[in-house]
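1. one predicted model, sequence on top.
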2 protein chains.
Amino acid sequence: MKSNSNNTYHVFFTNLANPLKINIIINLKEKEKNVTELSKELNVEQSKISHALSSLKCCNIVQAKQKGKQRIYFLNKKTIIPMLKLIDKHAQNFCRGKCLECK
Amino acid sequence: MKSNSNNTYHVFFTNLANPLKINIIINLKEKEKNVTELSKELNVEQSKISHALSSLKCCNIVQAKQKGKQRIYFLNKKTIIPMLKLIDKHAQNFCRGKCLECK
DNA sequence: AACACATATGAACTAAAATTCATATGAAAT
DNA sequence: ATTTCATATGAATTTTAGTTCATATGTGTT
């Protein structure tokens, strides 16, 4: 019963179920950035950013390119942008604007 | 920087980041069911099902109606079905069909 | 080849979420 | 009003995921 794609769903959602990763994603919506920039703008320690990016990258939610000694991360917008829109709509329609933590 | 809707995203994804909840959702795609039916079909202990349903319900990912002493749960398909489709496409296009756990 | 800047990685620790299990609540039937 | 079937709930425990920090790797500069 627990199919293969069910596991894909689980892996995917688990990867996104983290506030820092969400903040990174939102931040990368406007513009691609390197690790140090993200670290400064979000005011979060570098290795935390690296760890977060690493798992986002492994699902291809973000991608990266090298530029000198910097690594520039950019968002794979194909999936994420429409997904966030779905959640926005869901929150409006079914949760009075925002989903609340369920104890 | 950490906006309000960022938290909605986090709550929403966290709610879905669980293999049992995914299995419940997939199971409810075909047909609405009560707790006992889900428990038997997924071969999962009743209180686990109830806990899972309770948090899915609080985000209105599932909804419920009473029928005698049973509570029938059904999927709010508006959000979830297109979201799962997005992930299917993502997996095909960017992850060779399935997302793999990232260590 | 030594150095500095940029990023990644591993492992121990901490935090958060899921499971378990005993029990409470609820709804109908007798 | 007692019993039975159905579901929910709380709290302790276990599991899983995130953080931290020290250090490794990688890239360019002198």
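-> Nice, I can see it.
2. hey, let's count contacts and neighbours off CA atoms from now on
-> OK.
3. report the contact partners of A:Asp88.
-> By Cα atoms under 8 Å, 6 or more residues apart in numbering or on different chains, the residues touching A:Asp88 are A:Gly97, B:Ser5.
4. separation between A:Cys99 and DNA strand C?
-> To DNA strand C, A:Cys99 is 13 Å away according to Cα to the nearest atom of the strand, to the nearest Å.
5. residues near the spatially closest residue to that residue that is not a sequence neighbour, how many?
-> Excluding its sequence neighbours, the residue lying closest to A:Cys99 (Cα to Cα, 6 or more residues apart in numbering or on different chains) is B:Thr8, at 4.9 Å. Residues near B:Thr8, counting by other Cα atoms under 10 Å in any protein chain shown, number 23.
6. same check on A:Asn43?
-> Around A:Asn43 there are 12 residues (other Cα under 10 Å).
7. also the one 10 residues further on?
-> By the measure other Cα under 10 Å, the count of residues near A:Leu53 is 22.
8. for chain A, what helix or strand is lowest in average pLDDT?
-> Every helix and strand of chain A was ranked by mean pLDDT, DSSP states H and E. The lowest is helix A:4-16, at a mean of 92.
9. buried set for the biggest helix by length in chain A?
-> Scanning chain A for the longest helix, with DSSP state H as the assignment, gives helix A:77-94. In terms of neighbour count (16 or more other Cα atoms under 10 Å in any protein chain shown), helix A:77-94 has its buried residues at A:Thr79, A:Ile80, A:Met83, A:Leu84, A:Leu86, A:Ile87, A:Asp88, A:Lys89, A:His90, A:Ala91, A:Phe94.
10. kind regards, and thank you for your time.
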